[in-house]
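J.: Show me how the following folds:
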Amino acid sequence: MKIRDGDEGDLESILSLRKLVFGEFEADKLRPDFWKWEFMDGPDGKALIYIVEDQGKLAGHLADIPRRFSLNGEVSLGTLSLDLMVHPDYRRKGIFVEMGKYAAQQVKKEQGLFMMAFPVRKETIAGLLKIGWETVGELPVLVCPLRFRGIINRYLHFSPLSFLLGGVARVFYNLLWGGRRKTRIERIEVEEITKPDDLIDRFWEKASGLYPILGVRDRIFLTWRYLKHPIRTYILYRTIEKGEMTGYLILRKVDLLNFSSAVIVDLLALNERALIPLVEKGIEHSKVVGADLLGCMIPQKHPYYKQLRGLGFLPSRKTFLFMVYRLMKEKVSVAPENWYVNWGDTDVI
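T.: Coordinates of the predicted model:
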C-alpha cells in the first residue's frame, strides 16, 4: 500500500468509497457537483487530498480544505480536515494513523498553522488523539422552540392532545422568555442578501478582530460557501446602520434532532444592537417556513451563547466535538474562549 496526493481524477473512486463507507448519509455529498464545489472550487485553494492505494484499489481517503483565518488580527492559513474513509477490507491496518501523519506533513508544507476537525465517531476521535490532535471543547446546540404542537406531537403522535399540551407549553414558555425578546428599543434595518457587494468586505474589516481566532468571512468566502452552493439553499440576512453592514445571519431549513427545523448556520455581528434584530429575524423566518425549532451550534464560552439564552434559546443534549492539530503551538491556542466556530465552519450543514 502507498499514500499519494489525490486530485479530480480520483473523483469517481472517492465517491464510490464514500457510498460504501457512509451509505446514503449526507447523500448530497455523493453528487459530483457537490464534490467539485467543496474540494476544487474553494476560495483559499484546492483541497489537499490523500489517497491510500493497494494495487490500484482505493483503500483510504482523507482531505484538508484550506481556510484563511484571522489569528490575533493576522491572516493565517488553517485547514478543515474531513471525510476520513477506510475501506472495510483494510480497517485495523494502521491506515488512519499513516494518513493522519501524512496530512500533517502536507499541511505544514503549505505553511498551514493548524488543522481543525469536528469528529463524530468514537473511533475517529480516538485515532486523532493518538496522533497528536487536541480537544478544544464541546460545542453545544441551543434550540429555540417555535411550534410547540409540532414538538409534542413528535412524541405523542396524537394531534388533539398535542394541540392542547402545545398550547399549555407555549403559555409557560412565553411567561418565562417572551418578554426578553422585546428588549430592542431602536429599530435597525434588516435586509436579505441576494448578491455579494462591497458592504460585506467593509463589514469584515471591522469584524475580523472581534475574536482571537476566527475564520475569514469576507465577500469571496460567503459567496462560495452560501450563495454559490450547487445544491443547498441558504437564506442570508444582514443589519444596516447608516448605510453600513453591522452583522449577518445565515439560515438553512434542515432536520435537526429529528424535528423539522431551521438552523443558524452562521452569525456574526459587531455588537448586540445588530445581533438581537438578526436573531429576531431568524425566528420570524423560521416560523414562516414551518420549522418546529431554530437551532444554533455555539461555543459555550462565547458571548453569543449567553445572548441567545437571553433571547429564549434553550440547551439541548446535542453537542459536537471540536479538535485541533497544532503545527505551530506557540501561535495557536487551544483555549476554547479564543475560538469562534459554528456550523458555517463545517461542511455538515
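
J.: Could you report the neighbour count for residue 288?
T.: Per other CB atoms under 10 Å, the neighbour tally for residue 288 reads 9. Where C-beta positions appear, they are placed from N, C-alpha and C, glycine not excepted.

J.: actually residue 61, not the one I typed
T.: Look at residue 61: counted by other CB under 10 Å, it has 23 neighbours.

J.: Tell me the spacing between it and residue 35.
T.: 12 Å (CB to CB, to the nearest Å).

J.: Identify the contacts common to those two.
T.: Contact criterion CB atoms under 8 Å, 6 or more residues apart in numbering; residues shared by residue 61 and residue 35: residue 14.

J.: Identify the residue nearest residue 42 in space, chain neighbours excluded?
T.: Distances taken as CB to CB, 6 or more residues apart in numbering place residue 65 nearest to residue 42, at 5.8 Å, with adjacent residues excluded.

J.: What strand or helix carries the one you found?
T.: Using DSSP states H and E, residue 65 maps to strand 57-71.

J.: which helices and strands sit right next to that strand?
T.: Of the remaining helices and strands, those touching strand 57-71 by 3 or more CB pairs under 8 Å, 6 or more residues apart in numbering; DSSP states H and E are helix 11-22, helix 32-39, strand 48-54, strand 74-86, helix 95-109, strand 213-215.

J.: okay if I get the ones you listed as CSV plus mean neighbour count, mean pLDDT and distance to residue 340?
T.: What follows is the helices and strands packed on strand 57-71, written out as CSV (neighbours: other CB atoms under 10 Å; pLDDT from 0 to 100; distance: least, CB to CB, whole Å):
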stretch, mean neighbour count, mean pLDDT, distance to residue 340
helix 11-22, 16, 97, 29
helix 32-39, 17, 98, 22
strand 48-54, 21, 97, 24
strand 74-86, 20, 97, 13
helix 95-109, 18, 97, 21
strand 213-215, 22, 98, 5
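
J.: Rebuild these as CSV, extending it with distance to residue 281.
T.: Output for these, formatted as CSV (distance: least, CB to CB, whole Å):
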stretch, distance to residue 281
helix 11-22, 35
helix 32-39, 27
strand 48-54, 38
strand 74-86, 28
helix 95-109, 38
strand 213-215, 22
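
J.: what's the closest of these to residue 190?
T.: Proximity to residue 190 (CB to CB) singles out strand 213-215 among the helices and strands packed on strand 57-71, at 22.6 Å.

J.: helices or strands next to the helix or strand just after that closest one in the packing?
T.: Using DSSP H and E, the helix or strand that directly follows strand 213-215 along the chain is helix 219-222. Of the remaining helices and strands, those touching helix 219-222 by 3+ CB pairs under 8 Å, 6+ apart are helix 198-207.

J.: redo that, cut-off 10 Å
T.: strand 57-71, helix 198-207 (3 or more CB pairs under 10 Å, 6 or more residues apart in numbering; DSSP states H and E).

J.: got CSV for these, with distance to residue 230 and mean pLDDT too?
T.: Below are the helices and strands packed on helix 219-222 laid out as CSV (distance: least, CB to CB, whole Å; pLDDT from 0 to 100):
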stretch, distance to residue 230, mean pLDDT
strand 57-71, 16, 98
helix 198-207, 21, 98
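
J.: Out of the helices and strands packed on strand 57-71, which is closest to residue 201?
T.: Comparison of the helices and strands packed on strand 57-71 against residue 201 by CB to CB identifies strand 74-86 as nearest, at 13.5 Å.

J.: between the closest one and helix 11-22, how many degrees?
T.: On the basis of axes from the mean of the first three to the mean of the last three CA atoms, to 10 degrees, strand 74-86 is oriented at 70 degrees to helix 11-22.

J.: So in that sheet, which strands flank strand 74-86, and in what orientation?
T.: Strand pairing for strand 74-86, using DSSP bridges, gives strand 57-71 (antiparallel), strand 114-117 (parallel).

J.: and those strands, which is most packed in?
T.: Ranked by mean neighbour count, the strands paired with strand 74-86 are led by strand 114-117 with a mean of 24 (mean count of other CB atoms under 10 Å).

J.: Would you tell me what the next helix or strand after that strand is?
T.: Downstream of strand 114-117 (by DSSP H and E), the next one is helix 122-130.

J.: how about low-confidence regions in the protein?
T.: Along the chain, segments meeting pLDDT under 70 span 148-186, 257.

J.: try 90
T.: 1, 24-25, 56, 92, 147-187, 255-260 (pLDDT under 90).
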